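[1] model the structure of this input:
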Amino acid sequence: MTVAEAVGRTIAGLGASHVFGVVGSGNFHVTNALIDAGVPFTASRHEMGAACMADAYSRATGDVSIVSVHQGCGLTNALTGVAEAAKCHTPLLVLTGDTVAGNVTDNFYIDQDAAVAAMGATPVRLHSAATAVSDAARAFHTALSERATVVLSMPVDIQDELVDFDAADIPSVPVRLRPGPAPEALEKLVEALGTAERPVIIGGRGAWGAVAELRRLAEVSGALLATSAAGRGLFVGDDWALDIMGGFATEGAAELIAGADLLVAFGAGLNKWTTRDGGLVRDKTVIQVDDRQHALGFHHPVHVGILGDAAVVAAAAAEVIAERHPGRTGYRTADVREQVQAVRYWKDQPFTSRAEPGLVDPQELVNAIDALLPMERVVVTDGGNVNCYAGAHLRVPDQRGYCIPLSFQSIGLGLSAAIGAGLAQPGRMPVLGTGDGAFLMTLVELDTAVRLGLGMVVVVFNDDAYGAEVNLFQHQTGELGTVRFPDTDIAAIARGYGCEAITVRHMDDLGALTAWLDGPRDRPLVIDAKIPAHTSWMMARHQH
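    Numbering: from 1, shown residues only. This next block holds a predicted model:
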């Protein structure tokens, strides 16, 4: 068979979960080989959309999903999504054609390996027909075992060569055992948690498989629980769990975390957003647990870095603490329990509506939407000025019910991410919060959502502007014409794609949302929410 078919069968045989892509001549045969081998395929309308869909799909499932794109321009179109996935350590494999080696006059020629490396992803390539199967398997193994975003460049001349293929020759994925803590590291963790007066345990994306162990550790050590944004939803239902740490936290939750004397982060990076520029980790002992050595202290200095799997480390520490320090209260007093219940969710916090004639207050709106939508949801927030409304206010059922593609701080990734997250969890309603600027950049993927019959809700917080820039510069200059735009009828555009759509200028307009919820939900609903131009949840709370 051809190398292209052999590569497709190899990737499928190793366990590829789903392939997203835009098919051109350079990736036509390998994509069909994947489909023929039983891997589901979703055609996006743009390569960046394919990358973001695959990124969100893999975040939700933990599986390696595939992006398939044409060489050169197909790959460069995908690179923003590839960078987002790479920064999040998403196990993702990009299959891209490549030009014939040395043919620098080809219109599609670029140095693909250099472009990929510049995005923080791992470049791999097919070196020859004889090594194609092992090259492809190595790329898949790297994505899965190292939680890496890998780009496999496949020169079109090599793809067309013939090889003898036997599925039995595909190198199997190596078994990797979860590492435990070193004895000295375990002792330091036990001593810290066993004696702290106000300990807090933080779970991040790296703690997705450690929920039970972390809840047990928090119980025996008297710790409160919270999550980073990437780990949001881990501890839903626990009476001692705050919703989220960092920029999206309620002020009451932030005060409880800031008041801790010990913070232990499991699989969380402690970046500037999670720590509020360091404010939430100041004046306390900070311990970080991660299974990647380079992650320890990468974003913020820590007092102790422990290399190990979150679940293994937490279980070992809980066992020793329960024996050595029985009956600990720690931070778990009756007064604190009442505080946790009161400050956990934004929906319970008082606020003053900033609605104007013909414009709704976005906080009032999102709280109402949160109450109306089913809890079996997956919440996705886009980048930009309005990211906090969905990202902080919409509650989630668990950690798989939240996707935050903001590691690259790009706007416009949300719609595609919501499609990918929804496909990964067909029993849940995808709910996207986005701004008009972000939405209009990538609304072409509405076609994909309609084609899939995806019953998703897209809330466009529409201030007819790049709102972050308006809020950043309006006190410096009146020359804001470059970041303000005429009113756009987003609902009409969405209907043109085949969506249901409503325009919300008053809270009473949400009655149409109830009608859609009562219907078949066989197509997306786009809510064009007209909000005041000066509204900025993010700017009001998080200018540092």
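
[2] any stretches of this protein with poor pLDDT?
    Residue ranges of the chain with pLDDT under 70: 534-544.

[3] same thing but at 90, please
    For the chain, applying pLDDT under 90 flags the ranges 102, 169, 171-178, 383-387, 406-409, 464-485, 533-544.

[4] domain-wise, how is it divided?
    Listed domain ranges for the chain are 3-169, 183-343, 348-542 (source: automatic domain parsing).

[5] so which of the ones you listed comes closest to L177?
    domain 183-343 (8.9 Å; Cβ to Cβ). Every C-beta, even on glycine, is put in place using the N, C-alpha and C of the backbone.

[6] for that closest one, measure first residue to last.
    By Cα to Cα, to the nearest Å, the extent of domain 183-343 from end to end equals 38 Å.

[7] V175 is nearest to which of the domains of the chain?
    domain 3-169 (9.6 Å).

[8] show me where the stretch 51-200 of the chain has strands.
    Applying DSSP state E, counting those that start in this stretch to the stretch 51-200 of the chain gives strands spanning 65-69, 92-98, 122-125, 149-155, 199-203.

[9] tell me which other helices or strands the last one touches.
    Read that as strand 199-203. helix 211-221, strand 224-227, strand 262-266 (3 or more Cβ pairs under 8 Å, 6 or more residues apart in numbering; DSSP states H and E).

[10] please repeat the previous calculation with a cut-off of 10 Å.
    If you count contacts as 3 or more Cβ pairs under 10 Å, 6 or more residues apart in numbering; DSSP states H and E, strand 199-203 packs onto helix 183-195, helix 211-221, strand 224-227, helix 251-258, strand 262-266, strand 285-290, helix 310-324.

[11] now do that strand: distance to the chain's middle.
    Offset of strand 199-203 from its chain centre (Cα atoms, centre = their mean, to the nearest Å): 21 Å.

[12] strand partners of that strand, parallel vs antiparallel please.
    Strands that pair with strand 199-203, judged by DSSP bridges, come out as strand 224-227 (parallel), strand 262-266 (parallel).

[13] could those strands go into JSON lines alongside mean neighbour count and distance to E364?
    Compiled in JSON lines, these are given as follows (neighbours: other Cβ atoms under 10 Å; distance: least, Cβ to Cβ, whole Å):
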{"stretch": "strand 224-227", "mean neighbour count": "29", "distance to E364": "26"}
{"stretch": "strand 262-266", "mean neighbour count": "29", "distance to E364": "33"}
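
[14] closest one to V396 among those strands?
    Using Cβ to Cβ, the nearest of the strands paired with strand 199-203 to V396 is strand 224-227, at 10.1 Å.

[15] got the CA positions of the closest one in CSV?
    The C-alpha coordinates for strand 224-227 follow below in CSV (Å, rounded to 0.1, in the frame of the first residue of the first chain):
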residue,chain,number,x,y,z
LEU,A,224,-10.0,23.8,52.0
LEU,A,225,-10.1,22.8,48.3
ALA,A,226,-10.0,25.0,45.2
THR,A,227,-8.9,24.7,41.6
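
[16] end to end, how far does stretch 344-351 reach?
    15 Å.

[17] which other residues reach it?
    226, 236, 239, 241-244, 248-253, 256, 341-343, 361, 363-364, 366-368, 370-371, 388-389, 392-395, 537 (Cβ atoms under 10 Å, 6 or more residues apart in numbering).

[18] sorry, back to before: is it possible to export the domains of the chain to TSV including distance to V175?
    Formatted as TSV, the domains of the chain follow (distance: least, Cβ to Cβ, whole Å):
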stretch	distance to V175
domain 3-169	10
domain 183-343	14
domain 348-542	25
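
[19] closest one to R176 among the ones you listed?
    domain 3-169 (5.9 Å).

[20] how long is that closest one from one end to the other?
    By Cα to Cα, one end of domain 3-169 lies 14 Å from the other end.

[21] cool, stretch 248-266 as well?
    End-to-end for stretch 248-266, by Cα to Cα: 19 Å.

[22] in it, what's buried?
    By neighbour count on 16 or more other Cβ atoms under 10 Å, the buried set for stretch 248-266 is 248-250, 252-254, 256-258, 260-266.

[23] just the strands in the stretch 301-450 of the chain please.
    304-307, 377-381, 402-403, 429-435.

[24] and the angle from the longest one to strand 377-381?
    When you say that, I think you mean strand 429-435. 20 degrees (axes from the mean of the first three to the mean of the last three Cα atoms, to 10 degrees).

[25] partners of strand 429-435, with directions?
    Strand 429-435 is paired, per DSSP bridges, with strand 377-381 (parallel), strand 457-462 (parallel).

[26] mean neighbour count and distance to N271 added to those strands, as CSV?
    As requested, the strands paired with strand 429-435 are exported to CSV (neighbours: other Cβ under 10 Å; distance: least, Cβ to Cβ, whole Å):
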stretch, mean neighbour count, distance to N271
strand 377-381, 28, 16
strand 457-462, 28, 25
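
[27] I'd like the ones you listed as a markdown table, with distance to L280 appended.
    Output for the strands paired with strand 429-435, formatted as a markdown table (distance: least, Cβ to Cβ, whole Å):
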| stretch | distance to L280 |
| --- | --- |
| strand 377-381 | 20 |
| strand 457-462 | 27 |
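
[28] which one of those strands lies closest to L443?
    Set against L443 and scored by Cβ to Cβ, the strands paired with strand 429-435 come closest in strand 457-462, at 9.2 Å.

[29] the closest one: what's the following helix or strand?
    helix 467-473 (DSSP states H and E).

[30] now for that following helix, which elements pack on it?
    Counting contacts by 3+ Cβ pairs under 10 Å, 6+ apart, helix 467-473 is packed against helix 436-442, helix 537-542.

[31] L92 versus the closest residue to V124 other than its chain neighbours, what's the distance?
    What sits nearest to V124 in space, not counting adjacent residues and going by Cβ to Cβ, 6 or more residues apart in numbering, is A139, at 4.3 Å. Using Cβ to Cβ, to the nearest Å, one gets 11 Å for the distance from A139 to L92.

[32] list the buried ones in stretch 19-30?
    So for stretch 19-30, counting by 16+ other Cβ under 10 Å, buried means V19, F20, G21, V22, V23, G24, G26, N27, H29, V30.

[33] isn't T149 right up against L93?
    Yes: judged on Cβ atoms under 10 Å, T149 makes contact with L93 at a distance of 8.0 Å.

[34] what touches both of the two?
    Common neighbours of T149 and L93 (Cβ under 10 Å, 6+ apart) are A54, S58, V67, T122, T142, A143.

[35] among those, who's most crowded?
    A54 (36 neighbours; other Cβ atoms under 10 Å).

[36] which residues touch that one?
    17-21, 42, 44, 64-68, 78, 81-82, 85, 90, 92-94, 149, 416-417, 420, 423-424.

[37] what does D160 give?
    So D160 contacts T2, V3, A4, H29, A129 (Cβ under 10 Å, 6+ apart).
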